[in-house]
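>>> Mind looking at a prediction? Sequence and model below.
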Amino acid sequence: AQSVSQHNHHVILSEAASLELGCNYSYGGTVNLFWYVQYPGQHLQLLLKYFSGDPLVKGIKGFEAEFIKSKFSFNLRKPSVQWSDTAEYFCAVIGTYKYIFGTGTRLKVLA
Amino acid sequence: DVKVTQSSRYLVKRTGEKVFLECVQDMDHENMFWYRQDPGLGLRLIYFSYDVKMKEKGDIPEGYSVSREKKERFSLILESASTNQTSMYLCASSLWDSQETQYFGPGTRLLVL
């Protein structure tokens, strides 16, 4: 069955710390991978996405993610977090029409 | 900018009531989706629609139905609300291509007493 696992449910970091959020997927076909973010009180919005080509994908606000096919992973990274990055982050894989979301990671950045 | 709107931000209903959640998108998207978001469970797909009058069950369709009479509008119906349907409900839309980004509405927080 298709699934997405996010290993970290809650992460607390100080400003300027580096961030890596794990995402592993299980899907037999060609994968399209996404990271979405939900800031407090706001809509879910796209952070970045991978379809093909360069496995290192850059998104908004300095985020990037690396697709490692051999590890079925699509981890999200940011070299230096800011207080404004406090949010919930969701990894997703898409099959035909249908997204499968991970359970989310709540990130709190301390000023 | 794509805009997805949901009819209510907060709703309080009683057990057994029929509940309608409405979603409208203004970008002529073919696909529309209903999710529920619960702490620790992420987003779970209830139903989706890829065309007018077309619908497909998602992962947790039990207790829900949907209606899509017009391309821009996708309704979620709880025929007889139960307390375990207390949740945040998110609507989303996208173009037909599976690579396309989903655009989400602000959500409706439903409390069933």
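Nice, I can see it. Numbers count the residues shown, from 1 in each chain, chains lettered A, B, ... in the order given.

>>> okay, stretch A:60-80 in CSV with CA atoms only?
Listed next in CSV are the C-alpha coordinates belonging to stretch A:60-80 (Å, rounded to 0.1, in the frame of the first residue of the first chain):
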residue,chain,number,x,y,z
ILE,A,60,10.4,29.1,-1.2
LYS,A,61,11.9,30.8,1.9
GLY,A,62,15.3,29.0,1.6
PHE,A,63,14.0,25.5,1.9
GLU,A,64,15.3,22.6,-0.2
ALA,A,65,14.7,18.9,-0.4
GLU,A,66,16.6,16.0,-1.8
PHE,A,67,15.1,13.0,-3.5
ILE,A,68,17.1,9.8,-2.9
LYS,A,69,15.5,7.1,-4.9
SER,A,70,17.5,4.3,-3.3
LYS,A,71,16.3,5.3,0.2
PHE,A,72,12.8,6.2,-0.8
SER,A,73,13.3,9.5,0.9
PHE,A,74,12.6,13.2,0.3
ASN,A,75,14.0,15.0,3.3
LEU,A,76,13.4,18.7,3.8
ARG,A,77,16.3,21.0,4.8
LYS,A,78,17.0,24.5,5.7
PRO,A,79,20.5,25.7,6.7
SER,A,80,19.3,28.3,9.2
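
>>> pLDDT below threshold where in chain B?
B:1-2, B:98-99 (pLDDT under 70).

>>> Name the residues linked to B:Gln37 by a beta bridge.
Each beta-bridge partner of B:Gln37 is listed here: B:Leu43, B:Met88, as defined by DSSP bridges.

>>> so how far is B:Asp28 from it?
The spacing between B:Gln37 and B:Asp28, counted by C-beta to C-beta, to the nearest Å, is 26 Å. C-betas here are computed from N, CA, C, even on glycine.

>>> and what of B:Pro39?
Taken as C-beta to C-beta, the spacing of B:Pro39 relative to B:Asp28 amounts to 34 Å.

>>> Name the nearest residue to B:Trp96, ignoring sequence neighbours.
Excluding its sequence neighbours, the residue lying closest to B:Trp96 (C-beta to C-beta, 6 or more residues apart in numbering or on different chains) is B:Glu30, at 4.0 Å.

>>> Then B:Tyr64?
Closest residue to B:Tyr64 apart from its sequence neighbours, by C-beta to C-beta, 6+ apart: B:Ile46 at 5.2 Å.

>>> same deal with B:Lys70?
In space, and not counting its chain neighbours, B:Lys70 is closest to B:Val52: 6.6 Å by C-beta to C-beta, 6+ apart.

>>> What sits closest to A:Leu110 if chain neighbours are left out?
A:Ser14 (5.0 Å).

>>> again but with B:Glu17, I slipped
Spatially, and ignoring its direct neighbours in sequence, B:Glu17 is nearest to B:Ala81 (5.0 Å; C-beta to C-beta, 6+ apart).

>>> what do you get for A:Tyr36?
A:Phe90 (4.6 Å).

>>> which residues touch residue 57?
Assuming you mean chain A. For A:Val57, the contact set (C-beta atoms under 8 Å, 6 or more residues apart in numbering or on different chains) comprises A:48-50, A:64-67.

>>> could you do chain B instead?
Counted by C-beta under 8 Å, 6+ apart, B:Lys57 has contacts B:Tyr47.

>>> Many thanks, have a good one.
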